[in-house]
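Student: Predicted coordinates and the sequence they were generated for:
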Amino acid sequence: MCCITYLCSKKMGKKDKIITECLCKMNELVNTLNEKQKDVLSQAITVHQYKKNETVYHYGETPKHMFCLLSGKIKVYKEGIGGRNQIVRVAKPVEYLGYRAYFANGKFITAASTLEPSCVVKIPLTVIKELILENAELGWFFIKTLCQELGRSDQRTVNLTQKHIRGRLAESLLYLKERYGVEADGYTLSIYLSREDLANLSNMTTSNAIRTLSLFAADKLVLVDGRKIKIIDEERLRQISRLG
């Protein structure tokens, strides 16, 4: 991991440009702040470049920073029985991670790692707390964000525990399309998951994910080319997902 920090005054101009670009991408959060608070935030953040499959934070760690994903993709997961991970959610730009545990005065109950090279802003949570205590609008921003995440989490919990294997995989493919969209052809998912990650997202074994994806391909619901998945018949996938 390479941390982009600039301590030399000769590089302050470049630093200011990078920080400004980051704050522009974080505009929904930044727009809740006054000018003084924006300056506090800009002085506190650091920008990090992560390689593919690099850990952003570990299970059991004490949270010290909030993470904002500016580019790339991150999976948030929990280690399960027998070493099989359960992907709780996948983050897209611009989303925030790592603050729930701090607000709950606890440690991380999940871990996070990159699915592809990613740019992440780190903000000390002590700074976030100070800003929230003096800015109710920022507090409401996090309340809204947490409630939205809780709603999605509740829905996925029901889907992944009550649906059969075909319904789970269909739901996961549609979830990935909703989160990341498709490429220029209008069909190929803009995320290339390994079969293991797709299985972990769908709460099934890797072998079941491979088998079910092959059945979807045979039924001409999807077209598979390595890790690339094209959704050919979205309506039938939605029907399978609804029926469970």
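Tutor: Alright, I've got the coordinates. Numbers count the residues shown, from 1 in each chain.
Student: Does T161 belong to a helix, a strand or coil?
Tutor: What DSSP: H, G, I helix; E, B strand; the rest coil gives for T161 is helix.
Student: give me every residue that touches it.
Tutor: With contact taken as C-beta atoms under 8 Å, 6 or more residues apart in numbering, T161 is in contact with N203. (Glycine included, C-beta is placed from N, CA and C.)
Student: The residue nearest the centre of the chain pairs with what?
Tutor: Nearest residue to the geometric centre of the chain (C-alpha atoms, centre = their mean): A91, 1.2 Å. Residues in a beta bridge with A91, per DSSP bridges, are I74.
Student: Hmm, K73 and it touching each other?
Tutor: Yes - at 7.0 Å, A91 counts as touching K73 under the criterion of C-beta atoms under 8 Å.
Student: Skipping its backbone neighbours, what lies nearest T46 in space?
Tutor: In space, and not counting its chain neighbours, T46 is closest to K122: 5.2 Å by C-beta to C-beta, 6 or more residues apart in numbering.
Student: To what extent is that neighbour buried, counted in neighbours?
Tutor: Neighbour count of K122, defined by other C-beta atoms under 10 Å: 19.
Student: separation between the residue nearest to S194 when sequence neighbours are not counted and T55?
Tutor: Take S194 and drop its neighbours on the chain: the residue closest to it by C-beta to C-beta, 6+ apart is R227, 6.6 Å away. If you measure R227 against T55 using C-beta to C-beta, to the nearest Å, the figure is 21 Å.
Student: cool, and K163?
Tutor: K163 sits 30 Å away from T55, going by C-beta to C-beta.
Student: Which of those two has more residues huddled nearby?
Tutor: The residue with more neighbours, out of K163 and T55, is K163; 20 against 13, by other C-beta under 10 Å.
Student: so that one makes contact with T157?
Tutor: No - counting by C-beta under 8 Å, K163 does not reach T157; the two are 11.2 Å apart.
Student: distance of P124 from F67?
Tutor: Separation of P124 from F67 (C-beta to C-beta): 11 Å.
Student: Which one's more surrounded, those two?
Tutor: Counted by other C-beta under 10 Å, P124 and F67 do not tie: F67 has more neighbours, with 23 against 14.
Student: by contact count, what packs against the helix or strand encompassing the more buried one?
Tutor: Using DSSP states H and E, F67 falls within strand 65-71. Packed against strand 65-71 by the contact rule (3 or more C-beta pairs under 8 Å, 6 or more residues apart in numbering; DSSP states H and E) you find helix 12-25, strand 95-97, strand 118-124, helix 125-134.
Student: could you measure the residue nearest to the centre of the chain against T114, distance?
Tutor: A91 is 10 Å from T114, where distance means C-beta to C-beta.
Student: Give me the common contacts of those two.
Tutor: Residues within reach of A91 and of T114 at once, by C-beta under 8 Å, 6+ apart, are 73-75.
Student: Show me what counts as buried in stretch 196-215.
Tutor: For stretch 196-215, the neighbour count (16 or more other C-beta atoms under 10 Å) marks 197-204, 208-210, 212-213 as buried.
Student: now the end-to-end length of it.
Tutor: Start and end residues of stretch 196-215 are separated by 17 Å (C-alpha to C-alpha, to the nearest Å).
Student: quick check, distance from that stretch to the centre of its chain.
Tutor: How far stretch 196-215 lies from its chain's middle: 20 Å, per C-alpha atoms, centre = their mean, to the nearest Å.
Student: ok, which stretches of this structure are strands?
Tutor: 2-4, 46-50, 55-57, 65-71, 74-79, 85-91, 95-97, 111-114, 118-124, 222-225, 228-231 (DSSP state E).
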